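J.: What follows is a predicted structure for the sequence shown.
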Amino acid sequence: MQFLLSAVLVLVQSSSAFQHSIHHLSPQTARCKNNNSPLWSKPSIHTQLSESKERDGEVMRNHKTNNERRGRRMESGQVRRGGSLRRKKARESSSELAFRNDDFFDQALQEGLSLTSIIEAASPKLTPRNKPDKTSNTLQPQAEFNIALNRLAECGEPGAAKEAERRLLGRLRSAPNHHKSTFLNVQLQMSFNTVLKAWSLECNNECSIDERDDDVSGAEHFLTKWEDLFLAGKVQVTPDRISFNSVIKSYSAQSHICRGNAAKAERVLKKMIQLSKTGISKNVRPDSGSFEMVVDAWEKCGEADSAQRGEQICNDMDELYESGAIDVRPTAVMLSRVIGSWAATYNAQRADELYQRMQRMYEAGNKSLKPDANTICSVIDAWASSTEQGAVRRADQLLRNLMDKYELGDKEMKPSTSMAFTSVIKALSKSPEKGAAMQAQKILYSSESVYGFSPNLTSYSLVLAAWAQSGEKRSGHMAGALLKEMNELHASGHRNIKPNTGCFNYVMDAWISSDVKGALERAETIFEVMESGGAEMQPDSHTYSSLINANIIARQPQRAIDLLEHMIDIYEGDDQKMKPNVDLFNTVLDACDKSCESDSGAKSLEILLRMEVLYENGNSDLQPNTNSLNSVLNALGKSHDAETAENLLNKYSKNKYATPNTASFNAVISAWVNKDSNGSALKAESLLKQMEHMMEMA
């Protein structure tokens, strides 16, 4: 009978709870009901918050009732065994209400609730449920508070660090004598470090700035507060290594965008070293991680003295190690970063010296300091970009050593990218040393066959450039063969190796500089191929300039003039990349002057007049100069056209374009002398007097 009554009572309670849940359905759940969704659809966070407060209030009332009952039992001596177990279960039940899972946070953020609302609902343990008793300073366990505080620190929300700091300091004000327990002191230190961790994870440290020192981050500002609390006797725990490392991390993380953060990180590091030497604070001696974060900050900041500061920090570590701090010693990562900083400032010599020091320490037995491939590549890049004597040779030597180690079985010597190979090839492409072009081509092939790097247009273009400036007899043949290979690779599927205008220009230059029989004809053939090809290989101003110069060297001025006129026509057709320069005009004018053709004077004058038109149409960098004038005057003199030469001299004497000099007057005087006609001597004498007067005025 008693069993039946109990069952009925359970059914009545269940029915009442069900009706109560329907009565309190949230609007979101009600909508789900109208849409034939199950009644157990997930309620909104607003509903969860209100229900959470009701449950927390009920739990608090139950705790209060239990404590009153326990107090009466203690007074009567009727406390039974197992009380600690029941209290443990009560705390576990309370924790389930206090700490929600991550889904709760995600849903709250999606519904746009404030950070404070999320904290209040998910972590009520952050706030004391009851005011402290007058006779007791005990709050809920500090360990549970730390769990909630850590969740807040890692939530990633803006303002989380400031909120965590406020919660902790508020807790300290609520329980000023909580530090009587050693266990609580350990937990309290964890609380302080958790807040510092929150600041170090904060996206920006602008939430708590000291008005007296506006360049202090929120992390360092809180660290100062902690130290002040200790000096005032309000806490018995001091910042430790973890605390200071959090502050250093807060500066290091933003050093690449906040100028001066690297210096601030180093300032905190020096404070740690000083405190550890004086013995004021325990467990504050910096470890390798402390130094490494500061070195990382200097590397990322890119300031002028970043490499020097980073190396000095490594030296400071060596001093600490020698003084007995065996856990503090420069690591391979730190030295590699300093080497990278020196390389970034183009100080190849210093980067190489530090690399050699690292190599010697590794060979002496410190296996943790083995230079990796990327470290060596940093030194290679520095030498490849250097203009010092022997720089190219050193870069090539380091790359060969790296390749030898890899081929001997050290697979760690494989670079992560082909950048080092490209850097050395680029350096060799500018080297005047014999054999540089062939070495560049060998490196190109090794990067593909040995290291498996895919061929690319940049590397092939640089090798072509090396052959173009080598001046070797075989340079034309070698460059032509490489261009053919590029076409074959492109046809086989390597779409990124299609030869462009620059590649064809290098092959043309290689033929011209080879100075072998038939080189000019080969260059002309390449020019014709370019003209008949696609848009990516059309001739540009460099193409025309090279071919014009080649024809002038071959004593074919008419071909040079034709190319120049064709180039001008294309430029006037609104193709800006075909714009000629003054030097190219002067080269053609000088060729006309040195030719023995009878009409060279007329041709040179025509070129000069066209040059003047281009200048008057707005091309200020095509203004004729004195060299332009003198070449035309000489050509006219050799053509026995003294009258035209004198008229041109008088025109330029008015300083419209360029001022004539003694060479200009001598050219016209010679033209009159060579004319050998009536009055030519008087003309020559008159010009001589004008020249003397000009010299006196100067």
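T.: Here it is on my side, so go on. Numbers count the residues shown, from 1 in each chain.

J.: Just give the number of residues close to residue 164.
T.: Neighbour count of residue 164, defined by other Cβ atoms under 10 Å: 28. Every residue, glycine included, has its C-beta placed from N, CA and C.

J.: Which helix or which strand is home to it?
T.: For residue 164, the host element (DSSP states H and E) is helix 160-174.

J.: Which residues does stretch 356-376 contact?
T.: With Cβ atoms under 8 Å, 6 or more residues apart in numbering as the contact definition, stretch 356-376 has outside contacts at 330-332, 335-336, 339-340, 355, 398, 401-402, 412-416, 420.

J.: Check which residues of that stretch are buried.
T.: Across stretch 356-376, burial judged by 16 or more other Cβ atoms under 10 Å covers 358, 361, 369, 371, 373, 375-376.

J.: Tell me which entries of those lie within strands.
T.: The subset of those located in strands under the criterion DSSP state E is empty.

J.: I'd like those residues laid out as a markdown table, including distance to residue 568 and pLDDT.
T.: Shown next, in a markdown table, are the buried residues of stretch 356-376 (distance: Cβ to Cβ, whole Å; pLDDT from 0 to 100):
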| residue | distance to residue 568 | pLDDT |
| --- | --- | --- |
| 358 | 59 | 92 |
| 361 | 64 | 90 |
| 369 | 63 | 89 |
| 371 | 56 | 93 |
| 373 | 52 | 92 |
| 375 | 53 | 93 |
| 376 | 51 | 94 |
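
J.: now, which of those sits nearest residue 690?
T.: residue 376 (69.2 Å; Cβ to Cβ).

J.: Okay, residue 379 and residue 386: tell me how far apart.
T.: With distances taken as Cβ to Cβ, to the nearest Å, residue 379 is found 11 Å from residue 386.

J.: ok, now residue 514?
T.: For residue 514, the distance to residue 386 - Cβ to Cβ - is 29 Å.

J.: Of those two, give the one with the bigger neighbour count.
T.: Applying other Cβ under 10 Å to residue 514 and residue 386 shows that residue 514 carries more neighbours, namely 24 against 21.

J.: give the contact list for the residue lying closest to that one once chain neighbours are set aside.
T.: In space, and not counting its chain neighbours, residue 514 is closest to residue 476: 4.3 Å by Cβ to Cβ, 6 or more residues apart in numbering. By Cβ under 8 Å, 6+ apart, the contact list for residue 476 reads 507, 510-511, 514, 516, 519, 522.

J.: Go again with 6 Å.
T.: Listed by Cβ atoms under 6 Å, 6 or more residues apart in numbering, the contact partners of residue 476 are 510-511, 514.

J.: And it, its phi and psi?
T.: phi -60, psi -50 (degrees, to the nearest 10).

J.: okay, it: pLDDT?
T.: We have a pLDDT of 94 for residue 476.

J.: Can you report how many residues neighbour residue 600?
T.: 24.

J.: wouldn't it be in contact with residue 592 here?
T.: Yes - between residue 600 and residue 592 a contact is recorded at 4.6 Å, counting by Cβ atoms under 6 Å.

J.: Need the residues touching each of the two.
T.: residue 635.

J.: In strands, which of the contacts of stretch 356-376 appear?
T.: Using DSSP E, none of these sit in strands.
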